[in-house]
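Trainee: coords please:
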Amino acid sequence: MAGSPVDIFIFAPLAPILGVILFWFIQLLLIEDQKYLLSKIWHKHEPLCRFTNFLGLLFQTICQALGYTVTRSGISSFYISVDYGKVAPKKEKKGVAEWLSNGFLFVGPFFIPASLLLICLFFLLNNGFKISAYANYTFAEGLANFGTTLYTFSEKFLNFLYNIDLLNLAHFGFLLLLIFLGLGVRPSYIGETKKEKIDLIYDLKNIKNFLLQKPLYLLVLFLIAYLFFYISYFLKHSWYMALFSVLGWLSIITIISLLITHAIIILIKTTDQIPGRWRFLPYITIPSSYIPLRMLFIFFPMSFSKNISLLVMILATVLITILLLKYKTNKFKTKTSMK
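Mentor: Next up is the predicted model:
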C-alpha cells in the first residue's frame, strides 16, 4: 500500500526506533521487578545477591571500558569488586568522544552483553535471522515489518530453548550465559552494603541527562539515522530495518533471560518456606529427573525426546515443590489447630 511522501520520508523511519524503545522499556520494568524479588531473598541468600550485583557491575564496567576504547581515550586503570566498579581513561576527552563514552556506560549494559549471546545464537539457531525484504513502507507497515522480524526471531529462539539439550556442552554453556545475563543486566545494590539506590527512575534520569546534555549531538544522531534510511530506501535495501532488527533481537534475548531468572528466583524464594533439608529436594529433582530420562532416550531414541525430558524436569520440580509446601510447612497445620 503506497503512502504519502510525508508518511514515508518523515514518519516511517521512526517505526523501528519506537519499536526498539518499547522493548527496551519492557527490559527496564522486568529489571526493576527482579530487583524487588532479590530484595526478598537477601537475608537468606546474601552471597547470591552480591554475585548478581558483581555481574551487573562487571557488565557495566566492561561497557565503560569499551566506550573509552572506541573513542581512543585509552584505559589507565580497571577496577571491579562486588560493590564497586570503575574505569579511568588515559586521556580525558571532551565533546563527541565524552558523549559517546557516556552512551556506552548508560545505554550499553542493556544491549552489549546480550550481543555475546546473539553471536552464539548465530551458530546454534537455524533460520531465525530473517529480515523483511525491502518495501516502500509507511509508518504502520514499518511497525508491522519490525514486529514480524522480532516475532520470527522470538519463535525460533523459544523453539531452541524448548528443544535445548542440557547434556550438550554448547547448549548448557549458552543457558548459563543466558542466566548470567538475566541476573546481571543492571547492578542491584540491595542490602546493607548499598551505596546508591539503582532503580528504574535512576536509570531513566541518567539516560535523560545523557541525551539532553548535548541536544545537538542527539539531533545529529537522528539526522544520521534518517540519512541511513534514505540511502537504504533509494538503493532498495533493508539495511535500515536490519540495524534496528538486531537491536530488537538483543532486547528479546535480554527479556527472555530476565524471565528465566525470574523463575529461578521465585523457586529460591518458594523453597525458603520449606523447613530443614527438605528445601533442597526440588533442586535435587532437577538433575535426577532430567539426566536418567535423557540417557534412556539416547539408548531408545524417539521423537521429541528433548522436549519430553525438559517438560518432565520442570513438572517434576514444580510438583515436588507444591507437595513439600503442602506437607512440610506449618501453614496447613496451623489452620487445622485453629479449627
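
Trainee: straight-line length of stretch 30-50, end to end?
Mentor: Start to finish, the residues bounding stretch 30-50 are 19 Å apart (C-alpha to C-alpha, to the nearest Å).

Trainee: list the buried residues of that stretch.
Mentor: Within stretch 30-50, the residues that count as buried by 16 or more other C-beta atoms under 10 Å are 30-31, 34-35, 38, 41, 45, 48-50. For every residue, glycine as well, the C-beta is placed using N, CA and C.

Trainee: so which of those residues belong to helices?
Mentor: Counted as lying in helices by DSSP state H, out of the buried residues of stretch 30-50, are 30-31, 34-35, 38, 41, 48-50.

Trainee: okay if I get the residues you listed as a markdown table plus distance to Asn159?
Mentor: As requested, these are arranged in a markdown table below (distance: C-beta to C-beta, whole Å):
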| residue | distance to Asn159 |
| --- | --- |
| Leu30 | 22 |
| Ile31 | 25 |
| Gln34 | 25 |
| Lys35 | 30 |
| Leu38 | 30 |
| Ile41 | 31 |
| Leu48 | 30 |
| Cys49 | 33 |
| Arg50 | 35 |
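
Trainee: need the contact list for the most centrally placed residue in the chain.
Mentor: Of all residues in the chain, the one closest to the mean position by C-alpha atoms, centre = their mean is Thr254, 1.5 Å from it. Thr254 is in contact with 27, 110-111, 114, 181-182, 185, counting by C-beta atoms under 8 Å, 6 or more residues apart in numbering.

Trainee: could you do Met313 as well?
Mentor: 285-286, 289-290, 293.

Trainee: mind checking which of those are buried?
Mentor: Neighbour-count burial within those applies to 285-286, 289-290, 293; the criterion is 16+ other C-beta under 10 Å.

Trainee: list the contacts for the residue nearest to Lys214 when sequence neighbours are not counted?
Mentor: The shortest distance from Lys214 to any non-neighbouring residue, by C-beta to C-beta, 6 or more residues apart in numbering, is to Trp99 (5.1 Å). Neighbouring residues of Trp99 by C-beta under 8 Å, 6+ apart: 210, 213-214, 217.

Trainee: now, which of the residues you listed sits nearest Phe23?
Mentor: Nearest to Phe23, judged by C-beta to C-beta, of the contacts of Trp99 is Phe210 at 19.5 Å.

Trainee: surely Gln60 and Pro187 touch.
Mentor: Yes: at 6.4 Å, Gln60 and Pro187 qualify as touching, with contact defined as C-beta atoms under 8 Å.

Trainee: quick revisit: list the buried residues for the host helix or strand of the residue nearest to the centre of the chain?
Mentor: Taking DSSP states H and E as the definition, one finds Thr254 inside helix 239-271. By neighbour count with 16+ other C-beta under 10 Å, helix 239-271 contains the buried residues 240-241, 243-258, 260-261, 265, 267-268, 270-271.

Trainee: go on, stretch 119-128?
Mentor: Using 16+ other C-beta under 10 Å as the test for burial, stretch 119-128 gives 120-121, 128.

Trainee: list the contacts of the spatially closest residue to Ile17 that is not a sequence neighbour.
Mentor: Once flanking residues are discounted, Ile17 sits nearest to Phe244: 6.6 Å by C-beta to C-beta, 6+ apart. Listed by C-beta under 8 Å, 6+ apart, the contact partners of Phe244 are 16-17, 19-20, 146.

Trainee: farthest-separated two in those residues?
Mentor: Greatest spacing in these, by C-beta to C-beta: Ile17 and Phe146 (9.4 Å).

Trainee: could you pull out the strands in the stretch 51-200 of the chain for me?
Mentor: With strands called from DSSP state E, counting those that start in this stretch, the stretch 51-200 of the chain shows them at 75-80, 85-89.
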